[in-house]
Structures are given as structure tokens and as C-alpha cells.
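Chemist: Need coordinates for the below:
(2 chains)
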Amino acid sequence: MTAPFFQVEQLTKKFGGLTAVNNISFTVQPDEMVGLIGPNGAGKSTLVKLIMGILKPDRGSIRFKGKELRGQNPWDIVNRGIAGTFQNTRPFRRLPIIANVMVSCLAPRGRRRGEWVKRIEAKARDALEFAGISDLALEPAAHLSHGDLKRLEIARAIATDPELLILDEPFGGLNPVETELLAKSIRRLHRGGRFGRLHSEGMAMIIIEHKLSELMKIVDRVIVLHFGEIIAAGTPREIVKNPAVIEAYLGEEGA
Amino acid sequence: MLANILVTTLVNGAAYAMLAVGFSLIFGVGRIINLAHTAYYMLAGYSIFTLVRVAGLAYVPAMALSILLVTVVAVLCYKLLIDPMREHETTVLIITIALALVFQELMLKYFGGHFRSVPGVAEGSLSILGVQVTRQQAITCAVLAVILAAVWLLLHRTRFGLAVRATAQDMEAANLMGMDVSRIATLTAAVSAALSAAAGALVAPLNILEPHMWLNPLTIILAIIVLGGMGSIKGSIYGAAIIALSESLVIFLIPQGSFLKGAFSLLIMIIVLLIRPEGLFGVALEGER
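Modeler: Modelled structure (predicted):
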């Protein structure tokens, strides 16, 4: 049997007495787009930080294309082909937008040997074009609106040429029109193709999102977390009917 | 008089700028306040002295070799002593000052406390736009300017420069974009030390060598860095120009009080801090995140 593309096994992370992520296992296939949902404090963001190597797990393993990622540095994980965007965007505020994306192209994975800055710049511009903010390329990142910062995050992530892209609340704080546009971009990315100098075979995705209606439209499969544990997994259609999921969400609203 | 002020300001300003830029670089990227920074400047001076006076090398190869040697020593110190302690800022301060003192004591042991001098590359003087300058001053100033320009190009036109600027702004974010920040920090430590050594090697023929020669420039650089804004390269260059000018003014306008030049520089620093606590080009801390 070949190893799964991406596999999390019995992953556990405790903060003092609180178990933020408890014994979580799941897999993602290369052609899949997986949604990760759950009420506030369910452990979604902790899970992303564990995968990206920002936090170290207490137990369990994370395997990508058969290689263990546990104990690796974030830059190492990015160079193996996983990129993530974060709920709180962290641009290099004093660098122009284009330079922000060029930084991603510097990673060993994003660059070819001997490439000059000019060529990296062209590649970064394509990533910005894809994300829809190429007209702002020369503005300092500090001038961007919240929606555009989200787009910048995506441009930075795809510029590392990932095979697995993890998006943490990509639609957070966006208006319906922006959300619709971004959802379209995400579907395009997932399918793959050529975007100027960037080309992608199509990437697997894990999307964490609060806006369930948007998420359900684009993902193939949904995993539901509650208090650090997986309480349900299945197609969007199955999930919306699952009593445990309804209970978890209604319980939160009732509180 | 005006001409003298100008020449002194240019030569000292360029040397200070080089020291301050190196100090700023490693502070920006690694958040390391390297108090041993000017000790590398002293080491380069002694290394040239040894290579020229003892080994009989010519000045230029001795200079190149000294810069290389000091950079290797500095990178070893960084990897073995500073990097493992990087998270603890106070420890880093103590380690780097201890390092500077160790180098000072070693120089005292091997060379004694005597004042030494290094021969320059050129004798005599020339006149530029009616101003008398020694050839050595002119050469030093020109080379310093070329190196500073090269550093600017390195930072703004190369991939390494972009990596350095990004890491300096947000190390964690750079890490998450696939940047090997520890490698970037090591390379920056090397560039920083090389700049300090180059400054030492270039001004060695103009100055007197003695084992405590690192202390005064260190104070001046701290004033320049704080004046220009911590971690800002542009601030380091402007800060160096301001401090060098104020020093020359004191030396030439109050000749009996030239020993006051350091105090005067620090006074300017205090005044700037009272008006603009983040320095001339620093970013106010609340704007950082």
C-alpha cells in the first residue's frame, strides 16, 4: 500500500491543563479540497500551527508524501511543499507588496538556481496578478485594506509553489463580492493550470472557515472539530445533516 | 578651517557609517546587540599590524587577509557563543561584552599596551577643490564610500538583501515563507563583522592602534544607532554623518576642548531622543506589529 499524500495521526497538543488538539487523525489526497470547521476554540488554528511547525505536538505524527514532518522547522516544511496563510495576516509592512511576494520566491522551493532578482520579480507579479492585486504591487503593504491583505497572503503562499495549501479563514472579514471572487480564485488554484510564469499541477487544500455556506460550496469533504476532537467527517451534504454537528454549533449559539 | 572640518567629517563619518551599518544589520536580523562589534574593528587593526610589520606583507593583501580572518573569527563566535543564546537578550549583551574584553586582554598580552601604527598605502597629500587632503585620507574615504554603496546595492538589489530586509521586519513570517532564517542570520553576522573589520583595516593607517581602541567607537556607534533609529540602515548613515560633523565641529571650533567631542555627540543623541524617542528613522514600537 502506498503512503497517503498527507496524513495526520493521533496528533495531540496540550497547553497546561487544556487539550487543544486531542488524538486527531485524518488524511488528505492530492486532488482533494478539505474543509475544516468547528466552533470557536475547537482547535482548528492550533492544528494548522502544528502542521506548519510553529507549535510542536506532544504526541502523534504528521506525514507528507511519506516523510515525517514532526520536529521540522517552518521553513523546512514550506520547502517540502506545504504553504499556509494565517488568520491574522502578517505582511512585511515596510516592504512594497511585490517585495512581500518576492520573499516567497526566495525559498529554495520557489526559486531556480541562479535566478536574478528581475526574474523573481516577474514571478511574484504573476502571483499578485492571480490574487487580483497586481495594480497595488508598488504600494507598501501597510497601505492595504483587510481584503487585499488576505489576497496578499494567498499570493505569498502560492509563490512558494506548494502541493498542499492550508488557508486559515480566507474569507474572514471579506464582503460578499470579495468572498465570491476569492472563492473563484481558490477553485482555479485547486484545479491547477498556468498562471503566467507560475504553473501548478493543482494543489490539495485544507480550508478553515467560519462562513460555512461559502465553504460548503467549494470543498469535497468536511472535517468537524469540537473541543479538539473530530466529531464528524463527510461530504458537505452529510455534514449539514449530522446531528452531532448541529448540536455543537447550536450549543455554541445557545451559550 | 571649513575644509578641515569637511575632510574630517567625511573620513570619520564614512568609517562610523560602516561600523554602524554592520551593527544595525545584525541587530535588525537577529535582534542581537553585539557589543563586540568594534572589537572586530580592533582585531582587524592588529591583524594588519602583524601581517605588515611582522610578516612583511604589503598593505593591500594584508588588509584583505585581515578582513577574511576577522570575519571567520566573528562567525565562529556567532555560531558557538551568540546564536545558541539568541533568545535571551541580556545574556547576549553579557556574552558580547565579555568577548570584547577577552579580545582586548589577548591584544594586551601579545602586543602590550603600547601605541602602534600601521604604514599607509600612499604618502604625501593632494589638493581636491583647493582642499589639502593626505593621499591616505582620500583613498580611505573613497574605498569606504565604495563599500557603503556596495552594501546598499547588496541590500536593495539582490536576493540576499531582500531576505535580510524581510527577516529584519518579521523573522517568524519570513520563516513561514520558506526562508531559512538561521542561515540568513549567520550570513548577516558575517557581513556585519566583515564591515567592522574593513572599517578597522581602512582607518588603521590614520589611527593609533592600542588594545582599548574598540571602546570609544562602540560608544559613538551606540549614539549613532539610537540617533538614527534602531535597526534602520538609512538611520545609521545619517546618524553617522551627524555625529561625525558634530565631532569635527568640536575639534576645530574649540581646540582646547576637543576631548569633549564624545560628550557632545552623546548630548545630541539625548536631545534627539527627548524629541523623537524612536530616533530619526526608527519605527515607533506600536507600529511594529
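Chemist: and B:Ile131, how many residues sit next to it?
Modeler: Ile isn't right for residue B:131; it's Val. Each residue near B:Val131 was counted by other C-beta atoms under 10 Å in any protein chain shown, and the total is 13. (C-beta placed from N, C-alpha, C; glycine too.)
Chemist: Now it, what are its backbone angles?
Modeler: Comment: the main-chain dihedrals of B:Val131 come out as phi -100, psi 130, following degrees, to the nearest 10.
Chemist: same thing with B:Glu210?
Modeler: Main-chain torsions, B:Glu210, degrees, to the nearest 10: phi -160, psi 160.
Chemist: likewise A:Thr89?
Modeler: Note on A:Thr89: its backbone torsions stand at phi -70, psi 140 [degrees, to the nearest 10].
Chemist: per-residue confidence for it?
Modeler: For A:Thr89, the model assigns a pLDDT of 77.
Chemist: Could you find the closest non-adjacent residue to A:Arg90?
Modeler: When the adjacent residues along the chain are set aside, A:Arg90 lies closest to B:Ala173, with 4.4 Å between them (C-beta to C-beta, 6 or more residues apart in numbering or on different chains).
Chemist: what do you get for A:Thr12?
Modeler: Using C-beta to C-beta, 6+ apart and skipping residues adjacent in sequence, the residue nearest A:Thr12 is A:Arg59, 4.2 Å away.
Chemist: That neighbour contacts A:Gln10, doesn't it?
Modeler: Yes. Counting by C-beta atoms under 8 Å, a contact exists between A:Arg59 and A:Gln10, whose distance comes to 6.4 Å.
Chemist: and B:Gly287, what pLDDT?
Modeler: According to the prediction, B:Gly287 has pLDDT 37.
Chemist: Doesn't A:Ile62 belong to a strand?
Modeler: Yes. The assignment for A:Ile62, made by DSSP: H, G, I helix; E, B strand; the rest coil, places it in a strand.
Chemist: In contact with it: list those residues for me.
Modeler: A:Ile62 sits next to A:Gln7, A:Val8, A:Glu9, A:Leu11, A:Leu50, A:Ile51, A:Glu68, A:Leu69, A:Arg70 when contact means C-beta atoms under 8 Å, 6 or more residues apart in numbering or on different chains.
Chemist: count of residues packed around the second one?
Modeler: Yep, that's A:Val8 we're talking about. What A:Val8 shows, counting by other C-beta under 10 Å, is a neighbour count of 24.
Chemist: What is the nearest of the contacts of A:Ile62 to chain B?
Modeler: Closest to chain B out of the contacts of A:Ile62 is A:Ile51 (11.6 Å), distances taken as C-beta to the nearest C-beta.
Chemist: So what pairs up with the residue lying closest to that closest one once chain neighbours are set aside in the strands?
Modeler: Setting aside the residues directly before and after it, A:Ile51 is nearest to A:Ile62 in space (C-beta to C-beta, 6+ apart), at 5.8 Å. According to DSSP bridges, the residues that bridge with A:Ile62 are A:Val8.
Chemist: For burial, what's the neighbour tally of the residue in the stretch 151-289 of chain B positioned nearest to chain A?
Modeler: In the stretch 151-289 of chain B, the residue found nearest to chain A is B:Gly178; the distance is 2.7 Å by C-beta to the nearest C-beta. Other residues near B:Gly178 number 31, with proximity taken as other C-beta under 10 Å.
Chemist: part of a helix, is it?
Modeler: No. Following the definition three-state DSSP, B:Gly178 is coil and is not counted among the residues of a helix.
Chemist: Show the pLDDT at it.
Modeler: The model reports B:Gly178 with a pLDDT of 84.
Chemist: For it, list the residues it contacts.
Modeler: Contacts of B:Gly178 were listed using C-beta under 8 Å, 6+ apart, and they are A:Trp75, A:Val78, A:Asn79, A:Ala83, A:Ser104, A:Leu106, A:Ala107, A:Pro108, A:Arg109, A:Gly110, A:Thr160.
Chemist: Equivalent analysis for A:Phe6, please.
Modeler: Contacts for A:Phe6 were tallied using C-beta under 8 Å, 6+ apart; they are A:Thr27, A:Val28, A:Arg63, A:Phe64, A:Lys65, A:Ile82, A:Leu164, A:Ala204.
Chemist: where exactly do the strands run in chain A?
Modeler: If DSSP state E is used as the criterion, the strands of chain A fall at A:6-15, A:18-28, A:33-37, A:59-64, A:67-68, A:82-85, A:164-168, A:193-195, A:198-200, A:204-208, A:221-226, A:229-234.
Chemist: Mind telling me which of those the model trusts least?
Modeler: Mean pLDDT, when computed for each of those, is lowest for strand A:198-200, at a mean of 68.
Chemist: So B:Val133: helix, strand or coil?
Modeler: When the structure is reduced to helix, strand and coil (three-state DSSP), B:Val133 reads as strand.
Chemist: what's the helix or strand encompassing B:Gly200 packed up against?
Modeler: Using DSSP states H and E, B:Gly200 sits within helix B:181-203. On a contact count with 3 or more C-beta pairs under 8 Å, 6 or more residues apart in numbering or on different chains; DSSP states H and E, helix B:181-203 meets helix B:2-30, helix B:37-49, helix B:59-77, helix B:135-157, helix B:159-169, helix B:171-176.
Chemist: Count the residues that sit near the residue nearest to A:Arg90.
Modeler: Applying other C-beta under 10 Å, we find 21 residues neighbouring B:Ala173.
Chemist: A:Phe92 is in contact with that one, correct?
Modeler: Yes. Using C-beta under 8 Å, B:Ala173 is in contact with A:Phe92, at 6.8 Å.
Chemist: center of chain B, which residue is that?
Modeler: Note on chain B: the residue nearest the mean C-alpha position is B:Leu19, at 1.1 Å, using C-alpha atoms, centre = their mean.
Chemist: Might you report the residue contacts of that residue?
Modeler: With contact taken as C-beta under 8 Å, 6+ apart, B:Leu19 is in contact with B:His37, B:Thr38, B:Tyr41, B:Leu195, B:Ser196, B:Ala199, B:Pro217, B:Ile221, B:Ala240.
Chemist: and it, what pLDDT?
Modeler: pLDDT, B:Leu19: 94.
Chemist: how close does it get to B:Ser192?
Modeler: Between B:Leu19 and B:Ser192 the distance, using C-beta to C-beta, to the nearest Å, works out to 10 Å.
Chemist: likewise A:Ala248?
Modeler: Distance of A:Ala248 to B:Ser192, computed by C-beta to C-beta: 53 Å.
Chemist: Looking at these two now, which is surrounded by more residues?
Modeler: Neighbours of A:Ala248 and B:Ser192, each counted by other C-beta under 10 Å, are more numerous for B:Ser192; the result is 29 against 20.
Chemist: hang on, the more buried one packs against B:Gly28?
Modeler: No. If you go by C-beta under 8 Å, B:Ser192 and B:Gly28 don't touch, sitting 9.8 Å apart.
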